[in-house]
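K.L.:
Sequence and predicted model, in that order:
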Amino acid sequence: MTDVQRVQVAPERLERWLAGFARRHPQPEPVVTPDAVELVSPDGARAWIETPWGTTSGDDPLADLIATATRPRRLGALLVRRNSHAIGIFDGAELIRHRVGRHYVQGRTKAGGWSQQRYARRRGNQAERAFGRAVQDAAEILVPVAGTLEAMILGGDGQAVRTVLADPALAALGPVVARHQHSVLGVPDPNLRVLRDSLPTFRAVTIRLNAEARGGAEN
C-alpha cells in the first residue's frame with residue numbers, strides 16, 4: 001500500500017469522522033477484514049479503520065465499530081525508562097490506582113579505558129536497580145488484578161519495558177500483553193501526567209487514507 005496517510009481519531013469523535021467521510025465521499029461501502037473496516041467510495045477514496053479490538057460481521061459494521069471503540073475498558077499501564085517508571089490501572093477513563101518512581105541513573109560518559117568500563121558497570125547496576133523497583137511496583141499493583149485487565153498500555157523505552165516484563169514476577173501479565181498487541185508508546189520520562197496522557201493515546205483509532213480520501217479529511 002503506497003501513498004497512504006495515517007491519522008489518529010479519538011474514539012468519541014469516530015462517529016463524527018465517519019459522517020464527514022461520507023459527506024466528502026458519498027456512498028462508501030464498508031468491507032470488514034480481520035484487522036480493519038475498509039471504506040470504499042465510488043470516487044476512489046478508501047479508508048482503512050484499524051480494529052485492534054476485533055471486528056464483527058454484523059448487519060451494521062460501522063455501528064459495531066463505534067461501539068467497540070468507545071466501550072469503557074479496564075486497562076493496566078506500564079511505562080518505563082531508566083530514570084523513572086509509572087504503573088497504573090484505568091477503569092474506563094478513571095485512573096483508579098497508580099504508583100510512580102524516579103531513579104538516579106548516570107548519563108553516558110565520553111571517558112575511555114578503565115574509567116569508562118567502571119562507569120558503564122556503575123550505570124548498568126543503577127539501571128538494574130531501577131528496573132527492579134519497576135518490577136516490584138508492577139507486581140504489587142498489576143499482577144493481583146491481571147485476570148481483570150483487557151489489555152496493557154506499554155510506554156517509554158522499548159528495551160526497558162521488555163526487560164521489566166521479562167521478570168518472572170510479572171509472568172501473569174504476559175497473556176494480557178499478548179491479548180492486545182500494541183506498539184510501545186514513545187512517552188517521555190514517566191510521571192503522573194504522562195501516565196494519564198497515555199490512555200487517550202492508546203485508545204486513539206488509527207485510520208489510513210489513500211490519496212483520494214485525503215482532500216479535506218478531518219482528524
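P.N.:
Perfect, I can see it now.
K.L.:
Ranking helices and strands of this structure by mean pLDDT, which lands last?
P.N.:
In the chain, the helix or strand scored least confidently by mean pLDDT, DSSP states H and E is helix 113-141, which has a mean of 69.
K.L.:
Give the helix, strand or coil label for the spatially closest residue to residue 55 that is not a sequence neighbour.
P.N.:
The shortest distance from residue 55 to any non-neighbouring residue, by Cβ to Cβ, 6 or more residues apart in numbering, is to residue 32 (5.0 Å). No exception for glycine: its C-beta is placed from N, CA and C like everyone else's. Under the three-state scheme (DSSP: H, G, I helix; E, B strand; the rest coil), residue 32 adopts strand.
K.L.:
burial measure for residue 32, as a count.
P.N.:
Taking other Cβ atoms under 10 Å as the criterion, the count of residues near residue 32 is 17.
K.L.:
what about it, distance to residue 54?
P.N.:
From residue 32 across to residue 54, the span is 10 Å (Cβ to Cβ, to the nearest Å).
K.L.:
Pretty sure residue 138 sits against residue 171.
P.N.:
No: with contacts counted by Cβ atoms under 8 Å, residue 138 stays clear of residue 171, the gap being 11.4 Å.
K.L.:
The two - which one has more neighbours?
P.N.:
Neighbour count, other Cβ under 10 Å: between residue 138 and residue 171, residue 138 has more, with 25 against 13.
K.L.:
Could you pull up the contacting residues of the more buried one?
P.N.:
Neighbouring residues of residue 138 by Cβ atoms under 8 Å, 6 or more residues apart in numbering: 78, 87, 164, 169, 170, 173.
K.L.:
ok, back up a step: now do the shared contacts for residue 138 and residue 171.
P.N.:
Contacts common to residue 138 and residue 171, judged by Cβ under 8 Å, 6+ apart, are absent.
K.L.:
ok, residue 73 to residue 90 distance?
P.N.:
Taken as Cβ to Cβ, the span from residue 73 to residue 90 is 8 Å.
K.L.:
low-confidence ranges in the chain?
P.N.:
The model of the chain has pLDDT under 70 over residues 1-2, 56-57, 103-128, 215-219.
K.L.:
Domain boundaries for it, per the record?
P.N.:
Domain assignment for the chain by automatic domain parsing gives 5-71+204-213, 74-202.
K.L.:
Can you name every helix or strand that whatever helix or strand comes next after the least confident helix or strand of the chain contacts?
P.N.:
Beyond helix 113-141 on the C-terminal side, the first helix or strand identified by DSSP states H and E is strand 151-156. Contacting strand 151-156 under the criterion 3 or more Cβ pairs under 8 Å, 6 or more residues apart in numbering; DSSP states H and E are the following elements: strand 74-81, helix 158-165, helix 174-179, helix 192-203.
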